[in-house]
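Peer 1: kindly return the folded structure for what I paste below:
(chains A and B)
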Number of protein chains: 2
Amino acid sequence: MSPAQNAMLADLRAVLPPPAIVTDRALIAPWEVDWRRRFAGTAPALLAPATTAEVQAIVRAAARHRVPLVAQGGNSSMVGGATPPADGGVLLLSLRRLDAVRRIDAEAGLAMVEAGVVLQRLHEAALDRGVRFPLTLGARGNATVGGLVSTNAGGTQVLRFGTMRGLTLGVEAVLADGSVHDGLQALPKDNRGYDLDQLLIGAEGTLGIVTAATLRLVPAAGSRTVAWAGVADPAAGLALLRRFQRATDAVESFEIIPAGTLAAALAHLPGARPPLAGAHAWHLLIEATAPTGAEPPTATIEQVLAVAIDDGLVADATIAASEAQAEAFWALRHALSDAERARGPAAQHDIAVPVAAMPRFMEEAAAACEARFPGTRASGFGHLGDGNIHFHVRAPAGADPARWYAEQAPAISGFVHDLVTAAGGTISAEHGIGQMKAGELARLLPPGDLAAMRAIKHALDPLGLFNPGKLLAPVSTAA
Amino acid sequence: MSPAQNAMLADLRAVLPPPAIVTDRALIAPWEVDWRRRFAGTAPALLAPATTAEVQAIVRAAARHRVPLVAQGGNSSMVGGATPPADGGVLLLSLRRLDAVRRIDAEAGLAMVEAGVVLQRLHEAALDRGVRFPLTLGARGNATVGGLVSTNAGGTQVLRFGTMRGLTLGVEAVLADGSVHDGLQALPKDNRGYDLDQLLIGAEGTLGIVTAATLRLVPAAGSRTVAWAGVADPAAGLALLRRFQRATDAVESFEIIPAGTLAAALAHLPGARPPLAGAHAWHLLIEATAPTGAEPPTATIEQVLAVAIDDGLVADATIAASEAQAEAFWALRHALSDAERARGPAAQHDIAVPVAAMPRFMEEAAAACEARFPGTRASGFGHLGDGNIHFHVRAPAGADPARWYAEQAPAISGFVHDLVTAAGGTISAEHGIGQMKAGELARLLPPGDLAAMRAIKHALDPLGLFNPGKLLAPVSTAA
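Peer 2: Residues are numbered from 1 along each chain as shown, chains lettered A, B, ... in the order given. Alright, predicted model coming up:
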């Protein structure tokens, strides 16, 4: 532990209760490595405040002693966004004890919750009051509200209600000077200058420490209709989505899966059965919901699908006849990542292109990758409704995984990122930048935007206290 | 004209076509005064670029010669946000010639339009394609997209579709270094660092020059249902709104008007008739729409109102039987401001409080004002659904208008702003800060937020090129 860290902890011991300062190596170690074990670092202490005032005390002490902090929620980052650096220079700042559900106003559709509240608990707390927090994702048992806000998390239900940015009405955060920005009132109309809430959403803990948020709740889903359809190409999928959107705003998920990826999932998942009898090049998984007490959306979904089959837009389709069948459809979707991983080493990409460009991109990018890197197999599945593609490029058969990841994968990812940038898309749709993509962001973001982001970072965190090395790579001093 | 301005114009004459540089006093004069003639300034030249590249050339020349720019759209600011200062030190930058509707994608619900497009033209362009841009306001014949984005404009239809922030999916803007930030792709999922689009929305032209935006379009309204209801107090109005929101998402406007203000409008508007027969302390104007081809929302509105009357929540209500009657209801609402003005001098306030706090605030703030400033009469009307109140405090009978505005009104506004701040509200709900409220913002915003905004301003506009003196008042050097 550095002298500065020691002095900072001495200061904090005078003002914080003992559980807020953890120096036991065994208790810290699990939080020094990301959950996929790709990024590891070290932190000589973990600070675990239970109130916003305690976070303020920590930030002030950090500023006084020039000790940077890495904020951490559920440690479920996909890009090493919450893992400390290797040099031991930072302290971990865990927000998990800041976990009060301060208020749920079901009538107004608002939840005011602290940063450490785990997503699953928020789901349950909302359902207990007859309402719903609509965003969900695989890590719902670990991901915290603070992390979800700070990474502008997405998931499978973004089509209707948006990402966290659309669901976060206000943010409470501790700024680098130790002051509290309090946006929790979440006024629908408020034009008092720059929107600090929006700036903190998706900032990955580099501009301030999110301590609480006011989130939007929606009516609980009383029923859902889950359908599966086979189409000839992604363009047909997009055309079908547009038909649904004209007919209803009940569609929450619209996922697209190529035949090969589905076959892998069917092989991977014990007892799984194909939803449709025939062979189709592309598959669509569609979910629509209706609030409690309202008519289920089944009739509308059925009607749109029937017309689309008559028109030849859709080759075949089926609607889950039971909740068990609906779960079985979703189980296939959720098995895709594992099934893809089981097929061998692959470079995975969390990318998005403009929705209208997605059909062409999915086909052309795969072909371009396979041509440029002989022996690889490229495929994408994803959220057709928001242009988000999980794009995987698998190693040639027989490749040594460790060597391939080290020697080939970076060039492949660079190539994919070039393609997506040329298509007007993004190298990070959902997962953020963290440490994994900071270099690629610096390479591919327009220089003016990058300079603006660096200027904002320096303006709001002049001492570099918050999550150093994440999102914005250090400026290279080399020519 | 200063030597620096002269040198800048000489540079620009070499690269811009003649219509882009206006020095004719007669052509400049109308743009040196705001439309309500409250703020006047002077600018020795007006620059009128027709392309984003021309804006870049202007910003680069401004930076080279250290000549600040005041961006202007329709000059319909309510807070002197687009009026040049009196010292002649700035040049006006009119975006009105940058007026292409670049693209309307009715299918995807997107419009890509340049900053100078007037709101009314956007409305028409969307309707021509069978879709709708839902935000509207009184100045729709003058207000431009660039100004609407830069002030995060609101209006009467915010309840369902939000302010400009909710309708702006991406922004194109020229930054202080002359680079273009291009957010027009408007990716639904994009986590590449800080959200510059969101930072530019509502920044009042102080961080960059918005040159175009991608806006959200919604299905055209095929029918509307307009209702009028009388209630005993604002709390009953809010309870009724919540019932509507549980029953349908079709409600777009929910306006509340006290009896006295309505009486003034009835007296002011020739031939106007009261919508309801009896006397009611508070009145509600409600509008719901349905897309073309869908069932009109009338039955739902009728049913909710009928139950509310049975319950005693609503005293009386009526639904406009024709489009003419609907227009007559709205004509009353639109006459409120003029009618209030006709009652004599008044300090007007564009404020908002949390929606749940609005019923109590409307009654208590009026009483507090009248007690504190004897002889005044205070009343508020506004958008109950989003907590936005137009709060007017009228001068005592017989007061000399000029003297009262100069000597009494500022203290009254300070008092109202203190009340609204104590209630967790905002001193600017819709109109922004401009020059009119910059002092009050500096007085009432939490110091940490104010410091953060100043730091952001300095970071993105280090030379102070963009709209000097607006939004953030100059830092006082006095103790």
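
Peer 1: check which helix or strand the residue most central in space within chain A maps to.
Peer 2: A centroid search over chain A (CA atoms, centre = their mean) returns residue A:153, at 3.5 Å, as the residue closest to the centre. Residue A:153 is part of no helix or strand, with elements assigned from DSSP states H and E.

Peer 1: would stretch A:191-201 count as contacting chain B?
Peer 2: Yes - against chain B, stretch A:191-201 shows contacts by CB under 8 Å from any CB of the partner chain at A:191, A:192, A:193, A:194, A:195, A:196, A:198, A:199, A:201. Glycine gets a C-beta too; all of them are placed from N, C-alpha and C.

Peer 1: most neighbours out of these, which is it?
Peer 2: The most neighbours of any of those, using other CB atoms under 10 Å in any protein chain shown, belong to residue A:191, which has 29 neighbours.

Peer 1: okay, that residue: pLDDT?
Peer 2: Note on residue A:191: pLDDT of 97.

Peer 1: against residue B:83, how distant is it?
Peer 2: Distance of residue A:191 to residue B:83, computed by CB to CB, to the nearest Å: 17 Å.

Peer 1: and the closest residue to residue A:258 other than its chain neighbours, what are its phi and psi?
Peer 2: Of all residues not flanking residue A:258 in the chain, residue A:379 sits nearest, at 5.4 Å (CB to CB, 6 or more residues apart in numbering or on different chains). Dihedral pair for residue A:379: phi -160, psi 160, per degrees, to the nearest 10.

Peer 1: and the residue in the stretch 351-479 of chain A positioned nearest to chain B, how many neighbours does it have?
Peer 2: Residue nearest to chain B within the stretch 351-479 of chain A: residue A:448 (2.6 Å; CB to the nearest CB). Residue A:448 is flanked by 20 other residues according to other CB under 10 Å.

Peer 1: what helix or strand is it on?
Peer 2: With DSSP H and E as the criterion, residue A:448 is inside helix A:447-460.

Peer 1: give me the contact list for that helix.
Peer 2: A:175-176, A:199, A:206-208, A:441-442, A:445, A:471-472, A:475, B:175, B:177, B:179-181, B:193-194, B:196, B:199, B:452, B:455-456, B:458-460 (CB atoms under 8 Å, 6 or more residues apart in numbering or on different chains).

Peer 1: pretty sure residue A:286 contacts residue A:243?
Peer 2: No - counting by CB atoms under 8 Å, residue A:286 does not reach residue A:243; the two are 11.1 Å apart.

Peer 1: compare these two (neighbour count), which wins?
Peer 2: Shown here are residue A:286 and residue A:243; by other CB under 10 Å, residue A:286 has more neighbours (27 against 17).

Peer 1: that older thread, specify the angle between the helix holding residue A:448 and helix B:447-460 in degrees.
Peer 2: 150 degrees (axes from the mean of the first three to the mean of the last three CA atoms, to 10 degrees).

Peer 1: flag every buried residue along helix A:447-460.
Peer 2: By neighbour count on 16 or more other CB atoms under 10 Å in any protein chain shown, the buried set for helix A:447-460 is A:448, A:449, A:450, A:451, A:452, A:453, A:454, A:455, A:456, A:457, A:459, A:460.

Peer 1: do a quick rundown of the helices in the stretch 101-250 of chain A.
Peer 2: A:119-128, A:145-150, A:158-161, A:164-167, A:196-200, A:234-247 (DSSP state H, counting those that start in this stretch).

Peer 1: circling back to that earlier point, for the residues of stretch A:191-201 next to chain B, give me CSV that also has distance to residue A:418.
Peer 2: Supplementary listing: those in CSV, determined by distance: CB to CB, whole Å:
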residue, distance to residue A:418
A:191, 40
A:192, 41
A:193, 38
A:194, 33
A:195, 32
A:196, 34
A:198, 29
A:199, 29
A:201, 28
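
Peer 1: does stretch A:276-295 come close to chain B?
Peer 2: No - judged by CB under 8 Å from any CB, stretch A:276-295 makes no contact with chain B; its nearest approach is 8.6 Å.

Peer 1: do stretch A:108-121 as well
Peer 2: Yes - Stretch A:108-121 reaches chain B (CB under 8 Å from any CB) through A:108, A:109.

Peer 1: alpha carbons only: can I get that stretch in CSV?
Peer 2: Taking Å, rounded to 0.1, in the frame of the first residue of the first chain, the C-alpha atoms of stretch A:108-121 are listed here in CSV:
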residue,chain,number,x,y,z
ALA,A,108,-46.5,7.7,-11.0
GLY,A,109,-44.4,4.8,-12.5
LEU,A,110,-41.2,5.8,-10.6
ALA,A,111,-38.6,3.9,-8.6
MET,A,112,-36.0,5.8,-6.6
VAL,A,113,-33.3,3.2,-5.8
GLU,A,114,-29.7,3.3,-4.7
ALA,A,115,-26.7,2.2,-6.8
GLY,A,116,-26.1,-1.1,-5.1
VAL,A,117,-29.6,-2.5,-5.7
VAL,A,118,-29.3,-5.7,-7.8
LEU,A,119,-31.4,-5.7,-10.9
GLN,A,120,-33.3,-8.9,-9.9
ARG,A,121,-34.3,-7.2,-6.6
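
Peer 1: give me the mean pLDDT for that stretch.
Peer 2: Averaged over stretch A:108-121, pLDDT sits at 97.

Peer 1: again with stretch A:467-477
Peer 2: On average, stretch A:467-477 scores 84.

Peer 1: quick one: residue A:219 and residue B:118, what's the gap?
Peer 2: Distance of residue A:219 to residue B:118, computed by CB to CB: 38 Å.

Peer 1: ah, wrong one, I meant residue A:165
Peer 2: Applying CB to CB, the value for residue A:165 to residue B:118 is 29 Å.

Peer 1: again, but for residue A:226
Peer 2: Noted for residue A:226: a distance of 45 Å to residue B:118, by CB to CB.

Peer 1: which one of the two has more residues nearby?
Peer 2: Set residue A:226 next to residue B:118 and count neighbours by other CB under 10 Å: residue A:226 wins out with 25 against 21.

Peer 1: surely that one meets residue A:289?
Peer 2: No - with contact defined as CB under 8 Å, residue A:226 does not reach residue A:289; the gap is 9.7 Å.

Peer 1: and residue A:117, how far from chain B?
Peer 2: For residue A:117, the distance to chain B (CB to the nearest CB, to the nearest Å) stands at 21 Å.

Peer 1: what's the answer for residue A:178, then?
Peer 2: 8 Å.

Peer 1: next: residue A:64.
Peer 2: Noted for residue A:64: a distance of 17 Å to chain B, by CB to the nearest CB.

Peer 1: looking at this, that residue is in a strand?
Peer 2: No - Residue A:64: not assigned to a strand; according to DSSP: H, G, I helix; E, B strand; the rest coil it is helix.

Peer 1: to what extent is it buried, counted in neighbours?
Peer 2: Quick note: residue A:64 (other CB under 10 Å) scores 14 neighbours.

Peer 1: same thing with residue A:268?
Peer 2: 17.

Peer 1: list the contacts of it.
Peer 2: Taking CB under 8 Å, 6+ apart, we find residue A:268 in contact with A:335, A:338, A:339, A:342.

Peer 1: of those, which are in range of chain B?
Peer 2: Okay, of the contacts of residue A:268, nothing touches chain B (CB under 8 Å from any CB).

Peer 1: just flag the most distant two among these.
Peer 2: Using CB to CB, the contacts of residue A:268 span at most 9.6 Å, a distance reached by A:335 and A:342.

Peer 1: any stretches of the stretch 201-350 of chain A with poor pLDDT?
Peer 2: Of all residues in the stretch 201-350 of chain A, none has pLDDT under 70.

Peer 1: what parts of it come near chain B?
Peer 2: A:201, A:202, A:203, A:207, A:219, A:242, A:245, A:246.

Peer 1: and the two most separated of those?
Peer 2: Greatest spacing in these, by CB to CB: A:207 and A:246 (39.9 Å).

Peer 1: more crowded one of those two?
Peer 2: Taking neighbours as other CB under 10 Å, residue A:207 and residue A:246 compare with residue A:207 leading, 25 against 14.

Peer 1: before we move on, the earlier item: tell me the most buried of the helices of the stretch 101-250 of chain A?
Peer 2: Among the helices of the stretch 101-250 of chain A, helix A:145-150 has the highest mean neighbour count (mean count of other CB atoms under 10 Å in any protein chain shown), at a mean of 31.
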